[in-house]
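*Asks:* Give me the fold of what follows.
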Amino acid sequence: MAERRLRILTWHVHGNYLYYLSQVPHDFWLVTDAARSPHHAGRSGSLPWGDNVHEAPVEALRDLPFDVLLFQSRDAWERERHVLLGEAQRRLPRIYLEHDPPQQHPTDTRHWVDDPGALLVHVTHFNALMWDSGRTPTRVIEHGVKPLAQARWHGQLERGLVVVNNLERRGRRLGLDVFRAAEREVPLALAGMNNESVGARLCLGEVAHAQLPATMAAHRFLFNPIRYTSLGLAVVEAMMAGLPVVGLATTELASVIRNGEHGWIDTRLDRLVDAMRRLLADRGLAAQWGAAARRAARERFGIERFVADWCAALREVAG
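*Replies:* You can find the predicted model right below:
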């Protein structure tokens, strides 16, 4: 018997993740406002949204029928649902999708969703470990990636690639100082939104989603300078394109990259610089590590597994 097609209300918080989520065979309604303000941007950007992604203007929300509420920000959970939704809508099956580890104390932060009737979905096992999720039922659904374009690594550019948005504003947590220190030792290109003020030797700026796989494939490796965050989708996307990954041995990345097989991770910058120099000097080694990274990413982060996990979660909450 075919599953009932659900109408899911959610918010545009992380564009790439939302696009991958929309591969799930249900209908998604994105909260929008006239200003297309943050989290209310709807079907914005250059992503190829499917016919199952719709827009839900804030003024019409109370009159629209939904089956599931999928929250992705604290403001939507704590404020917007009480302002924008009717009482019956607020009682609908509800999921909170938590994209990040705790931003305050790393181990003693209680999650604000305190609801035994909701489902709290973490995107990595590291995040689930670090959050105090209290009495709310939890589930981990790891990332799934569907590349927007087919690109295979060739690594002709003798430099590494760093993909982080708003690096200067996000500072030490996202590794601004780590990037700057590494850039003094090896050639690196910086891609991502609003990075012009970083002062990188080579700033590519924001790369369109469809062009990112080819941009990645041209670089010798991906360098991930981030100290503390969730597992960045850019890491998985780079692995899918066949790039070896060099990065800090922290958070979920420590469970993804095996040294000498998919790339190199360490907490010592000098060891990371050594690994990057090896990859720059030996394109064959980069090809070997990158091919293994691609196989690992396809096995662990394939879109089919991701869709199946989300279908199971939605089936659980919606009955």
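*Asks:* contacts and neighbour counts: CA atoms only from here.
*Replies:* Noted.
*Asks:* need the contact list for residue 240.
*Replies:* Contacts for residue 240 (C-alpha atoms under 8 Å, 6 or more residues apart in numbering) come out as 147, 293, 294, 295, 297, 298.
*Asks:* show me what contacts the third one?
*Replies:* Same thing as residue 294. Counting by C-alpha under 8 Å, 6+ apart, residue 294 touches 239, 240, 241, 242, 243.
*Asks:* ok so, going back, so of the contacts of residue 240, which ones are in helices?
*Replies:* The members of these that map onto helices under DSSP state H are 293, 294, 295, 297, 298.
*Asks:* still on that earlier bit, now, which of the contacts of residue 240 sits nearest residue 184?
*Replies:* Among the contacts of residue 240, residue 293 lies closest to residue 184 (C-alpha to C-alpha), at 26.5 Å.
*Asks:* and the residue nearest the centre of the chain, what are its phi and psi?
*Replies:* With distances taken as C-alpha atoms, centre = their mean, the residue of the chain nearest its centroid is residue 233 (3.8 Å). Taking degrees, to the nearest 10, you get phi -60, psi -30 for the backbone angles of residue 233.
*Asks:* so it makes contact with residue 142?
*Replies:* No. Counting by C-alpha atoms under 8 Å, residue 233 does not reach residue 142; the two are 10.6 Å apart.
*Asks:* first to last residue in stretch 183-193, what's the distance?
*Replies:* 19 Å (C-alpha to C-alpha, to the nearest Å).
*Asks:* any idea how far that stretch is from the chain center?
*Replies:* 21 Å (C-alpha atoms, centre = their mean, to the nearest Å).
*Asks:* And the contacts of that stretch?
*Replies:* Outside of stretch 183-193, the residues within contact range by C-alpha under 8 Å, 6+ apart are 158-166, 200-207, 273, 276-277.
*Asks:* Going through the residues you listed, which ones are buried?
*Replies:* Using 16 or more other C-alpha atoms under 10 Å as the burial test, the contacts of stretch 183-193 include 158-166, 200, 203-206, 273, 276-277 as buried.
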